[in-house]
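**Student:** coords please:
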Amino acid sequence: MRLTTAAMWLNARPIRRALGREDYLSTLDPDRRAAAPPARLRRRGRVTVTHQGGRPVFRYEPARRTPGLELLYLPGGGLVNPLVPEHWWIIERLARATGAAVTVVCYPLAPEHGADETLAAVDAQYERLAARRGVSRLLVAGDSAGGTVAVGLALRARRRPDALVLLSPWLDLALDDPAIGRRVRRDPSLRVPGLRAGARAWVGTRGLDDAALNPARMPLATLPPTLVFQGGCDIFFDDAVAFVARAAAEGAPARLVTAAAGFHVYVGAFWTPEARAAFDLVGTLSRDPRGTVT
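**Tutor:** Next up, the predicted model:
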C-alpha cells in the first residue's frame, strides 16, 4: 500500500491542484458523463442500462450470483463529478465478493442540480429495487461523496437496508475539523477549497449543517449494520472515526476498518492486500451483517 500511495502523489497531481482552487467549479466540464461499463463485465455477467432523468442507471448481474441479494451503489465524485472508470474496479469486486446484483445510480450532480434532486433520484431507485420481486437482502454502498448520500438514504428509507458499506466516505460536509489541516500533508489527492465549493453548491440555501444532508448532523440510532473503510492518508479519516464512535454511542452497529497508509478510496487499489481484505470483509457482511460489525 505504501508504494501505491507514493505513486498517487504523482498520478493525482491534477486532481490535487484542481481541488486546491477556490474556483474549482469553473474547471468542471459541462459535458461530463458517467463512464460506461468495461467490456470485461459483459463477459463475466449481464449488464443492462436504463435511464432516469437522462442519467444512466447501470445494473450488473455477475455470472455467479447469490439469489435474492441486491446491492445499490452510489459512486463518489465530490457531489459534482460522475462515475469514472476506476469505479468499475470497485463495483466488479463488490459483486464478486458478495454475489450480489449491483445497481449503480448516477445521481444528479451540483452545480447544475441541488441536493433535493439528488435525494429524490436516489430514493426512487432504491424504492424500485426494494420492491423488486425475489429480493431477500438489500445492501447499500458508496464511496466518498457517494457515502454521504448513502448514509442519508439508509436512515430515511422505508425499508431499511440490511447493511451499509462506506468506502472512504465524506461524513462532514463542513470540513471544519482542525485535524484536516494536519492530515492534508499526507493526502495525495483531496483538498478542502474545491470540496467545500462543491458541497456548498449541492446544499444551496439549506446550508452545510442541514441534518438531512450532512451525516455529521444526522441522528444515527437507526443506522443498519455499517462497515466504514478509511485510509490514514485521507483528510476524511478523523471524521470517519468520529462518525463510528457516535454511531456506537447511539446504539447503532458500526465498525471502522482502517489502513494506515491508505489514500482516499484505497479499496480501488484492488491489487493491494488491504483492498483484498476489505472486499473479503464486505462478502462476510453480506452473509452476516450484524455479526460482522459487532
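**Student:** For the stretch 151-294 of the chain, which segments count as helices?
**Tutor:** Taking DSSP state H, counting those that start in this stretch, the helices of the stretch 151-294 of the chain run over residues 179-183, 192-203, 237-249, 273-287, 289-293.
**Student:** Equivalent analysis for the stretch 1-150 of the chain, please.
**Tutor:** Going by DSSP H, counting those that start in this stretch, the stretch 1-150 of the chain shows helices at 2-11, 13-19, 39-44, 85-98, 115-130, 145-156.
**Student:** With distance to Ala199 and mean pLDDT added, can I get these in TSV?
**Tutor:** (C-beta placed from N, C-alpha, C; glycine too.) Formatted as TSV, these follow (distance: least, C-beta to C-beta, whole Å; pLDDT from 0 to 100):
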stretch	distance to Ala199	mean pLDDT
helix 2-11	23	88
helix 13-19	12	96
helix 39-44	32	94
helix 85-98	20	98
helix 115-130	10	97
helix 145-156	8	98
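**Student:** most packed of these?
**Tutor:** Ranked by mean neighbour count, the helices of the stretch 1-150 of the chain are led by helix 145-156 with a mean of 25 (mean count of other C-beta atoms under 10 Å).
**Student:** what's that helix packed up against?
**Tutor:** With contacts taken as 3 or more C-beta pairs under 8 Å, 6 or more residues apart in numbering; DSSP states H and E, helix 145-156 sits against strand 69-74, helix 115-130, strand 137-143, strand 163-167.
**Student:** List the contacts of that helix.
**Tutor:** By C-beta atoms under 8 Å, 6 or more residues apart in numbering, the residues outside helix 145-156 that reach it are 73-79, 107, 118-119, 122-123, 126, 140-142, 160-161, 164, 166-171, 173, 198, 212-215, 218-220, 222-224, 226.
**Student:** Any quick ChimeraX command for the buried ones out of the residues you listed?
**Tutor:** In ChimeraX, this line selects whichever of the contacts of helix 145-156 come out buried by 16 or more other C-beta atoms under 10 Å:
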select :73,74,75,76,77,78,79,107,118,119,122,126,140,141,142,160,161,164,166,167,168,169,170,171,173,198,213,214,215,218,220,223,224,226
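**Student:** before we move on, the earlier item: quick one: which of the helices of the stretch 151-294 of the chain is nearest Arg65?
**Tutor:** Among the helices of the stretch 151-294 of the chain, helix 273-287 comes nearest to Arg65, with 12.0 Å by C-beta to C-beta.
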